[in-house]
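In: Below is the sequence, then the predicted model.
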Amino acid sequence: MQLSTRREATALHTYLSERLEEKSAVRVLNETVEVELFHPLDGDAQNALTEALTDYILDRYQEKWMNEILTNVFYFTEEADREQILEIARAIFAGEKPELPNVNQLPSRRKLISEAIFDLVCEQASFSFQSLVTFRLSGYYQCLMRYLEIAIDEYKLQQEYAAFVDKLRRIVKAYRPLRNVVYAIDCQPMRLYDEHFKPIENTNAIRSFYPLLKQWGVDAEPSILLTLIGLSPLKVFVYTDRQDDGMMRTLLNVFEERVEFRPLAEAKKIDL
C-alpha cells in the first residue's frame, strides 16, 4: 500500500505489525507498506488483514474526514460547533441515539470499509491509500455524510431548545412571584397547590401574559410549564416518579434551583 508520507507509512507499519503478529510479514520502505501473507489463500489471514486495515481507518481517519466534511461541505467553521456535532455522531455510532429519525436505516460504516478492503486483499493487489479512499470508499464517505446530516439536525434542535429554555429562564427571573411555594402533582392533568396546600384553580387564566411572551420571542400554547412560569414561584416541589421525562427536565432547566423533585408517593402523605 502506497501512502502519502513516510510518517503515515510508519504508523501503519507499526499498527499492522502489532495486529497481524505471525500471520504476515510487514515491511515499510519510504512511503510504501508491504504486507506479505504467509498463507495467501488462508481466509483467516485475509480476514485478519481486512479487519486490521478497517480498524486503522476508523481509528485514524474517520474523525479527520468528518471534520473536513463539516468544514468544507456543511460550512461549520467554528471548532466548538463541529465538536458538539461530532459528539452527537459518536453517540449515534455507539447506539445511544436510537430515537433520532432514520438512525435505524443507516448502513454499517465498518461493513462498507471492510468489503472494499477485502476485495483488494483477495486480489493481492498493490494500491495507494488515496486510490482506496477515492475509488473504493466512496460509499463509506457518503455514509459518513448521512450520519453527519442526522447529527447536524439534532444539534440544531438542541440549539433551538437551549435558546427556548434561556428565554423562559429569563422570564421567570424578570417576573414578580405570584406564589412563594407551589406543589405540583404529576398526574393527568397535573394538579397545582399553593403554600397552604389549597388547589390553584383556573390555571389558564393565571397572569394573562401569553401576549407578552411573544415580545420575548416565545410563541407557545398554554401548558403547565407556562402556567408555572406565570406563577413564577420562589420554590416548586414536584411530586413525580419520572424525573427523566422531557417536561420534567425542562422544568428543572427553566426553574433551576427553585425546583425540588420528590417521590410521587410522598404526595399522599400530605393528602395532595
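Out: Ah, there it is. Keep in mind that what you see is a predicted model, and the values were worked out from it rather than measured.
In: and residue 217, what pLDDT?
Out: You'll see residue 217 listed with a pLDDT of 66.
In: can you pull the contacts of the spatially most central residue of the chain?
Out: The chain has residue 88 as the residue nearest its centroid, 2.2 Å off, counting by CA atoms, centre = their mean. Residue 88 makes contacts with 97, 151, 154, 155, as judged by CB atoms under 8 Å, 6 or more residues apart in numbering. Bear in mind the C-beta positions are built from the backbone N, C-alpha and C, glycine included.
In: what about 6 Å?
Out: 151, 154, 155 (CB atoms under 6 Å, 6 or more residues apart in numbering).
In: Can you pull the phi/psi pair for it?
Out: phi -70, psi -40 (degrees, to the nearest 10).
In: And it, how far from residue 59?
Out: 20 Å (CB to CB, to the nearest Å).
In: can you count the residues close to residue 185?
Out: For residue 185, the count of nearby residues is 17 (other CB atoms under 10 Å).
In: any idea how far residue 47 is from the nearest residue to it once chain neighbours are set aside?
Out: Distances taken as CB to CB, 6 or more residues apart in numbering place residue 191 nearest to residue 185, at 4.4 Å, with adjacent residues excluded. Note on residue 191: its distance to residue 47, by CB to CB, is 62 Å.
In: So if I had to pick from the two, which one is more boxed in?
Out: Legend: neighbour count by other CB under 10 Å for residue 191 and residue 47, higher for residue 191 (17 against 14).
In: any idea how far that one is from residue 182?
Out: Taken as CB to CB, the span from residue 191 to residue 182 is 11 Å.
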